[in-house]
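Colleague: Sequence isn't available, so here's the structure alone:
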């Protein structure tokens, strides 16, 4: 396991409006078998740190943000060209959604700068909620 700094930039486009925001955090990255990676970090937030876990596989990403036991989390799945079931639970209210991944790229080497890029559409049933682009940069911790 290697200690890392994380910077996430997310761009959301809904109809004709676009919003971009950034988050930072500290955590670890670990290389697993089959060219897969596990990332865990705490995202800085106004209400306190939010745990984030990423499982990065050659053609798949699973992202969990928040704590399942607190009934306040997102579970997102991404695979290029595929529709994947996703779930958001906020204040014990469940939203089952579908992601359609357009792009998933992961590059870099351990102890160097690494980057994960995901572009996807998010649907509620047949309704397009919006287009999303996430860029996550991983840097070695000094």
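Modeller: Looks like it arrived, so ask away. Small disclaimer: the values here were computed from a predicted structure and weren't measured.
Colleague: What about the residue nearest in space to the middle of the chain? Give its phi and psi, please.
Modeller: By Cα atoms, centre = their mean, the chain has its centre lying nearest to residue 63, at 4.6 Å. As for residue 63, its main-chain torsions (degrees, to the nearest 10) stand at phi -120, psi 120.
Colleague: mind checking pLDDT for it?
Modeller: In this model, residue 63 is scored at 95, pLDDT.
Colleague: Please name the bridge partners of it.
Modeller: residue 54, residue 76 (DSSP bridges).
Colleague: Give me the buried positions along stretch 50-62.
Modeller: Neighbour-count burial for stretch 50-62, counted by 16 or more other Cβ atoms under 10 Å, picks out 50-52, 54, 56, 60-62. C-beta: built from backbone N, CA, C; applies to glycine.
Colleague: And for stretch 82-98?
Modeller: Neighbour-count burial for stretch 82-98 [16+ other Cβ under 10 Å]: 84, 86, 88-89, 97-98.
Colleague: Those: which two are farthest apart?
Modeller: Greatest spacing in those, by Cβ to Cβ: 84 and 89 (16.8 Å).
Colleague: where do the strands sit along the protein?
Modeller: Shown for the chain, the strands assigned by DSSP state E span residues 2-14, 17-31, 37-43, 50-57, 60-67, 72-78, 83-90, 93-108, 114-124, 127-140.
Colleague: So what are the sheet partners of the last one and their directions?
Modeller: When pairs are called by DSSP bridges, strand 127-140 turns out to pair with strand 2-14 (antiparallel), strand 114-124 (antiparallel).
Colleague: Neighbours of residue 44, how many?
Modeller: 13 (other Cβ atoms under 10 Å).
Colleague: need the contact list for it.
Modeller: By Cβ atoms under 8 Å, 6 or more residues apart in numbering, the contact set of residue 44 is 23-25.
Colleague: which residues touch residue 106?
Modeller: By Cβ under 8 Å, 6+ apart, residue 106 lies in contact with 37, 56, 61, 114-117.
Colleague: And for residue 124?
Modeller: Counted by Cβ under 8 Å, 6+ apart, residue 124 has contacts 95, 97-98.
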